[in-house]
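Engineer: Build me a structure from this.
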Amino acid sequence: MKRFTMWWTRLDARTLTISIAMIFAAGSASGQNYPTKPIRIVTSAPGGSADIVARLIAQGLSASLGQQVVVDNRSGVIAAEVVAKAPPDGYTLLVTGNLLWTVALLQKVSYDPVADFLPISLTHMTPMALVVHPSLPVKAVKELIALAKARPGQLDYAAGAPGSTNHLSGELFKAMAGINIVGINYKGGGPALNAVIGGEVPLMFISAVSVMPYVKSGRLKALAVTSAQPSALLPGLPTIATSGLPGYQYEIVLGLLAPAKTPAAIINRLNAEIGQSLNRPDAKEKFFNFGLETVASSPEVFAAVIKADMAKIGKVITHQSIR
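Structural biologist: Here you go, the predicted structure:
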């Protein structure tokens, strides 16, 4: 009996040692040996900001990780649905932005923007510009708010589809300023911009890269940027917050996410690689030329940005009855 007990004790200790070794080996494989096959980045339709970011990130990750990284374009919310259902192994990732959570606030979707994803890193936070047609007799945000209060319901602003960034930035401005301006929704940002350039609608909120040529040519007037700080994309422009509406902030957010339950070692590895890639001067310059301000972050910071934006925009959607 004593010999059996000693044998069992030795076997049990050996089994425990092997089990611990296997656990550590699995952890190592999750982080140190990752990746061992191609990675897929799912994003929105070709040509948009998310697609541009996904392709430039794919190039950087392919070089640093030594594996092919391919971009898979999907329309609408399908990109998010694909990644939410993908195995949490680090081989299917998502590049997206405000669309991920604003759509979930506006309509029923098959994913939870918080519970079904793990943020890896912010990649960009880019301001929009508040622009007006030259015929509108205002030169500053304070003057625009005063004019809107003097003419309640008589000023329109152009926007894309309900829930788009230029729509929600306008609704946030409207709610915070306590004014009654009317959102006119077009099929996209392009048609909305054309309406303002043509004088059909007097103002809109739009991305810097889209509007700067028209501002430089004098076909539009830019009053301010929507970010908390002035932007190098729109040099010389004040923020809305410092020029008439304290506390106002709305930015186009883009970042990289993975399916929920992806191992922390993989998330941390990708975060480190993305940070190094985004912070290279040549990468920053490429993104800047596309009208994107680069911001690498920790997963925790990205998660906090998502939750804060959901809370802020959720209030606007409820208050303004946007659906």
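
Engineer: roughly how far apart are the nearest residue to P38 once chain neighbours are set aside and P263?
Structural biologist: Counting by C-beta to C-beta, 6 or more residues apart in numbering, P38 lies nearest to Q68, which is 4.2 Å off, once chain neighbours are set aside. In this view, the C-beta of every residue, glycine as well, is placed from N, C-alpha and C. Here Q68 is placed at a distance of 21 Å from P263 (C-beta to C-beta, to the nearest Å).

Engineer: Was I right to think the residue nearest to P38 contacts I39?
Structural biologist: Yes. Between Q68 and I39 a contact is recorded at 7.5 Å, counting by C-beta atoms under 8 Å.

Engineer: Same drill for these two, tell me which one is more crowded.
Structural biologist: I39 (19 against 13; other C-beta atoms under 10 Å).

Engineer: so what's the more buried one closest to, chain neighbours aside?
Structural biologist: Going by C-beta to C-beta, 6+ apart, I39 has V69 as its nearest residue, at 4.6 Å.

Engineer: so that neighbour touches T43, yeah?
Structural biologist: No. In this structure V69 lies outside contact range of T43 using C-beta under 8 Å: 11.9 Å.

Engineer: Tell me, how many residues neighbour L65?
Structural biologist: Neighbour count for L65, taken as other C-beta under 10 Å: 15.

Engineer: Show me where the protein has its strands.
Structural biologist: Along the chain, the segments classed as strands by DSSP state E run 39-43, 69-73, 92-97, 117-132, 155-159, 181-185, 203-207, 221-225, 251-259.

Engineer: What count of nearby residues applies to G247?
Structural biologist: Number of residues near G247 (other C-beta under 10 Å) recorded here: 8.

Engineer: residues contacting it?
Structural biologist: M176, A241 (C-beta atoms under 8 Å, 6 or more residues apart in numbering).

Engineer: on that earlier part again, okay, the residue nearest to P38 and G255: tell me how far apart.
Structural biologist: 22 Å.

Engineer: and if you look at G218?
Structural biologist: 36 Å.

Engineer: Who has more neighbours out of those two?
Structural biologist: More neighbours surround G255 than the other of G218 and G255, with 28 against 8 (other C-beta under 10 Å).
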